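In: What follows is a predicted structure for the sequence shown.
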Amino acid sequence: MWRSKVDEFGSPILGLAGPLAAEGELGATLGGAPCTGVVLRYGGGTSQIEVTTGRHPLGGTWILLRRILEMAASPDAGLPFSVSVSERLLMLPVVDRSTQFRVVEATSGHWIAVGGWMKRHLRIEGSPGTAPEGLSLTEVVLP
């Protein structure tokens, strides 16, 4: 089932380059028919990075704020709960071209970076113990 969705989505599907690339696995497909995105997951345990390749933009301000708060609040979080969020721009290499990403970070150590270009939109999410600096993305072929 997921294979037909990935084929329907088409290439390029982007994922991490470098040492972490071997750890990647298909995490999910987005949308129904047609498939609108593919999620790849890297790492294990508490340090994880997800790379989503989509056909449409993957994060406006409210979507990013809601998502970072969901990530920062542990399942057993109670009130009062405090987290600060900051935003910055970062250039990351994507298929050998420098691409601007908007990075939203929480004081919990979680972060989301969104960027891409006209036909492919990208969202990278990381947990504490990971950082967007130094990451690069390349085209991947799923088995």
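Out: Nice, I can see it.
In: Kindly export the lowest-mean-pLDDT helix or strand in the chain (C-alpha atoms) in PDB.
Out: One helix or strand of the chain scores below all others by mean pLDDT, DSSP states H and E: helix 2-9, with a mean of 83. In PDB, the C-alpha atoms belonging to helix 2-9 read as follows (Å, rounded to 0.1, in the frame of the first residue of the first chain):
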ATOM      1  CA  TRP A   2       2.700   2.500   1.000                       C
ATOM      2  CA  ARG A   3       4.800   1.600  -2.000                       C
ATOM      3  CA  SER A   4       2.000   2.700  -4.400                       C
ATOM      4  CA  LYS A   5       1.600   6.000  -2.500                       C
ATOM      5  CA  VAL A   6       5.400   6.600  -2.700                       C
ATOM      6  CA  ASP A   7       5.300   5.900  -6.500                       C
ATOM      7  CA  GLU A   8       2.300   8.100  -6.900                       C
ATOM      8  CA  PHE A   9       4.200  11.000  -5.100                       C
END
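In: Next up, identify which helix or strand the residue nearest to the spatial centre of the chain is on.
Out: The residue lying closest to the centre of the chain (C-alpha atoms, centre = their mean) is Ile124, at 2.1 Å. Ile124 is part of strand 121-126 when elements are defined by DSSP states H and E.
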